[in-house]
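Q: got a structure for you, letters missing:
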């Protein structure tokens with residue numbers, strides 16, 4: 001079994017806390033912005049972590065592996 005954690009920036013984040021992953025890099029145009037070009041990864045409770053493209057791609061791959069290892073719950077219909 002793969003780990004339920006993925007490393008984003010310098011943080012070990014549990015995969016089950018990830019709500020969504022941005023498809024495009026952040027751009028707000030503010031000169032003070034510290035996350036221009038980074039990808040937002042939204043966590044529970046409105047928290048976010050920021051990742052470069054490599055880390056973002058690794059997170060998506062880890063979620064795919066993790067989801068593939070989960071057993072369907074009783075009553076779930078599988079889509080062929």
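A: Yep, it's here. Keep in mind that what you see is a predicted model, and the values were worked out from it rather than measured.
Q: Please count neighbours and contacts with C-alpha atoms only from this point.
A: Noted.
Q: Based on its surroundings, how many neighbours for residue 66?
A: 17 (other C-alpha atoms under 10 Å).
Q: so who does it touch?
A: Going by C-alpha atoms under 8 Å, 6 or more residues apart in numbering, residue 66 touches 2, 4.
Q: What of residue 2?
A: 65-66.
Q: For residue 33, see how far away it is.
A: Counting by C-alpha to C-alpha, to the nearest Å, the gap from residue 2 to residue 33 is 35 Å.
Q: Okay, helices next: where are they in the protein?
A: Remark: helices assigned in the chain by DSSP state H are 53-69.
Q: and the closest residue in space to residue 59 that isn't next to it in sequence, bridged to which residues?
A: In space, and not counting its chain neighbours, residue 59 is closest to residue 6: 6.3 Å by C-alpha to C-alpha, 6 or more residues apart in numbering. Listed beta-bridge partners, residue 6: residue 13 (assigned using DSSP bridges).
Q: Next, count neighbours for residue 6.
A: Neighbour count for residue 6, taken as other C-alpha under 10 Å: 20.
Q: shouldn't it be in contact with residue 60?
A: No. With contact defined as C-alpha atoms under 8 Å, residue 6 and residue 60 do not form a contacting pair (9.7 Å).
Q: if we can go back for a sec, now do the same contact list for the residue nearest to residue 59.
A: Contacts for residue 6 were tallied using C-alpha under 8 Å, 6+ apart; they are 12-15, 58-59, 62.
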